[in-house]
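Visitor: 3D, please:
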Amino acid sequence: MAKARDDLRAAEIAAREGLGEVAVYHCQQAAEKSLKAFLTFHREPFRKTHNIQELGEACLELKPDLPASVRAAFGLTQYTWIFRYPGGPREIEEGEPQEALGVAQCLYENLVAILPGQARP
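Guide: Below you'll find the predicted structure:
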(Lines give C-alpha, C1' and ligand atoms only; values in the text may rest on other atoms or scores of the structure.)
Protein backbone atom coordinates (compact mmCIF):
# COMPACT_ATOMS: atom_id res chain seq x y z
CA MET A 1 0.00 0.00 0.00
CA ALA A 2 2.97 2.30 0.51
CA LYS A 3 3.84 2.00 -3.19
CA ALA A 4 0.22 2.78 -4.11
CA ARG A 5 0.31 5.82 -1.81
CA ASP A 6 3.48 7.02 -3.58
CA ASP A 7 1.82 6.65 -6.99
CA LEU A 8 -1.13 8.70 -5.74
CA ARG A 9 1.24 11.42 -4.62
CA ALA A 10 2.98 11.36 -8.01
CA ALA A 11 -0.42 11.61 -9.73
CA GLU A 12 -1.41 14.59 -7.57
CA ILE A 13 1.82 16.42 -8.38
CA ALA A 14 1.58 15.62 -12.09
CA ALA A 15 -2.04 16.77 -12.27
CA ARG A 16 -1.23 20.00 -10.45
CA GLU A 17 1.66 20.65 -12.85
CA GLY A 18 -0.48 20.09 -15.96
CA LEU A 19 0.97 16.67 -16.77
CA GLY A 20 -2.37 14.93 -17.24
CA GLU A 21 -1.08 11.92 -19.14
CA VAL A 22 1.50 11.24 -16.43
CA ALA A 23 -1.13 11.75 -13.73
CA VAL A 24 -3.58 9.20 -15.13
CA TYR A 25 -0.79 6.64 -15.57
CA HIS A 26 0.07 6.95 -11.88
CA CYS A 27 -3.63 6.67 -11.00
CA GLN A 28 -3.74 3.33 -12.79
CA GLN A 29 -0.57 2.25 -11.02
CA ALA A 30 -1.98 3.25 -7.62
CA ALA A 31 -5.16 1.25 -8.23
CA GLU A 32 -3.23 -1.76 -9.48
CA LYS A 33 -0.89 -1.75 -6.49
CA SER A 34 -3.77 -1.26 -4.04
CA LEU A 35 -5.62 -4.28 -5.40
CA LYS A 36 -2.47 -6.40 -5.54
CA ALA A 37 -1.69 -5.45 -1.93
CA PHE A 38 -5.19 -6.54 -0.90
CA LEU A 39 -4.76 -9.87 -2.68
CA THR A 40 -1.26 -10.35 -1.27
CA PHE A 41 -2.45 -9.66 2.28
CA HIS A 42 -5.08 -12.38 1.80
CA ARG A 43 -2.46 -14.73 0.32
CA GLU A 44 -4.44 -14.90 -2.91
CA PRO A 45 -2.21 -15.53 -5.93
CA PHE A 46 -2.68 -13.48 -9.09
CA ARG A 47 -1.02 -13.48 -12.47
CA LYS A 48 1.18 -10.65 -13.70
CA THR A 49 -1.27 -8.18 -15.16
CA HIS A 50 -2.10 -4.49 -15.29
CA ASN A 51 -5.81 -5.22 -15.74
CA ILE A 52 -7.70 -3.49 -12.92
CA GLN A 53 -10.92 -5.34 -13.70
CA GLU A 54 -9.24 -8.74 -13.44
CA LEU A 55 -7.58 -7.80 -10.15
CA GLY A 56 -10.74 -6.19 -8.81
CA GLU A 57 -12.86 -9.21 -9.63
CA ALA A 58 -10.35 -11.41 -7.80
CA CYS A 59 -10.71 -9.14 -4.76
CA LEU A 60 -14.50 -9.27 -5.02
CA GLU A 61 -14.41 -13.07 -5.08
CA LEU A 62 -12.62 -12.94 -1.73
CA LYS A 63 -14.86 -10.26 -0.25
CA PRO A 64 -18.03 -9.64 -2.27
CA ASP A 65 -19.06 -6.72 -0.06
CA LEU A 66 -16.08 -4.55 -0.98
CA PRO A 67 -16.96 -0.91 -1.65
CA ALA A 68 -18.20 0.20 -5.07
CA SER A 69 -14.83 1.90 -5.58
CA VAL A 70 -13.43 -1.46 -6.70
CA ARG A 71 -15.74 -1.61 -9.72
CA ALA A 72 -15.43 2.13 -10.30
CA ALA A 73 -11.69 1.65 -10.80
CA PHE A 74 -12.06 -0.85 -13.66
CA GLY A 75 -11.83 1.94 -16.23
CA LEU A 76 -8.37 2.96 -15.05
CA THR A 77 -6.83 0.00 -16.90
CA GLN A 78 -6.67 1.99 -20.15
CA TYR A 79 -4.18 4.40 -18.61
CA THR A 80 -1.53 1.70 -18.62
CA TRP A 81 -1.08 2.21 -22.34
CA ILE A 82 -3.38 4.79 -23.94
CA PHE A 83 -1.15 7.84 -23.44
CA ARG A 84 2.23 6.13 -22.97
CA TYR A 85 3.38 6.34 -26.57
CA PRO A 86 3.21 9.00 -29.29
CA GLY A 87 0.34 8.72 -31.74
CA GLY A 88 -2.11 7.20 -29.26
CA PRO A 89 -5.76 6.69 -30.09
CA ARG A 90 -6.99 9.94 -28.48
CA GLU A 91 -6.03 13.04 -26.56
CA ILE A 92 -6.59 13.41 -22.85
CA GLU A 93 -9.77 15.30 -22.02
CA GLU A 94 -10.15 18.27 -19.72
CA GLY A 95 -10.87 17.09 -16.17
CA GLU A 96 -9.86 13.51 -16.93
CA PRO A 97 -6.79 13.52 -14.64
CA GLN A 98 -8.82 14.86 -11.71
CA GLU A 99 -11.54 12.28 -12.27
CA ALA A 100 -9.02 9.43 -12.44
CA LEU A 101 -7.31 10.74 -9.32
CA GLY A 102 -10.62 10.76 -7.45
CA VAL A 103 -11.32 7.17 -8.43
CA ALA A 104 -7.83 5.96 -7.50
CA GLN A 105 -7.85 7.83 -4.17
CA CYS A 106 -11.26 6.46 -3.24
CA LEU A 107 -10.17 2.89 -4.00
CA TYR A 108 -6.94 3.29 -2.04
CA GLU A 109 -8.66 4.85 0.98
CA ASN A 110 -11.41 2.22 1.03
CA LEU A 111 -8.93 -0.67 0.90
CA VAL A 112 -6.65 0.89 3.52
CA ALA A 113 -9.66 1.24 5.82
CA ILE A 114 -10.48 -2.46 5.45
CA LEU A 115 -6.97 -3.79 5.99
CA PRO A 116 -5.63 -4.26 9.52
CA GLY A 117 -3.06 -1.84 10.91
CA GLN A 118 0.02 -3.92 10.02
CA ALA A 119 -0.96 -3.80 6.33
CA ARG A 120 -1.31 -0.03 6.26
CA PRO A 121 1.50 2.34 5.27
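Visitor: separation between the residue nearest the centre of the chain and residue 118?
Guide: For the chain, the residue nearest the mean C-alpha position is residue 31 (1.4 Å; CA atoms, centre = their mean). Distance from residue 31 to residue 118, counting by CB to CB, to the nearest Å: 22 Å. Every C-beta, even on glycine, is put in place using the N, C-alpha and C of the backbone.
Visitor: residue contacts, residue 11?
Guide: 22-27, 30, 97, 100-101, 104 (CB atoms under 8 Å, 6 or more residues apart in numbering).
Visitor: redo that, cut-off 10 Å
Guide: 19-20, 22-30, 79, 97-98, 100-101, 104-105 (CB atoms under 10 Å, 6 or more residues apart in numbering).
Visitor: now swap in residue 51 and tell me
Guide: 32, 35, 57, 74, 77, 80.
Visitor: can you pick the most crowded of these?
Guide: residue 35 (27 neighbours; other CB atoms under 10 Å).
Visitor: does the residue of the chain most remote from its centre count as helix, strand or coil?
Guide: Most distant residue from the mean C-alpha position of the chain: residue 87, 24.2 Å away (CA atoms, centre = their mean). Classification of residue 87 using DSSP: H, G, I helix; E, B strand; the rest coil returns coil.
Visitor: what about it, distance to residue 51?
Guide: Taking CB to CB as the measure, residue 87 falls 23 Å from residue 51.
Visitor: residue 92 and residue 82 touch, don't they?
Guide: Yes - the criterion here is CB atoms under 10 Å, and residue 92 meets it with residue 82 at 8.6 Å.
Visitor: look at the residue nearest to the centre of the chain and report its pLDDT.
Guide: Each residue has a pLDDT score; the one for residue 31 is 98.
Visitor: before we move on, which element is it in?
Guide: helix 20-41 (DSSP states H and E).
Visitor: after that helix, which helix or strand is next?
Guide: Counting by DSSP H and E, the element after helix 20-41 in chain order, helix or strand, is helix 52-62.
Visitor: residues in contact with the helix or strand containing residue 72: which ones?
Guide: Element membership of residue 72, judged by DSSP H and E, is helix 69-72. Residues outside helix 69-72 that contact it (CB under 10 Å, 6+ apart) are 31, 34-35, 38, 52-53, 55-57, 59-60, 63, 102-111.
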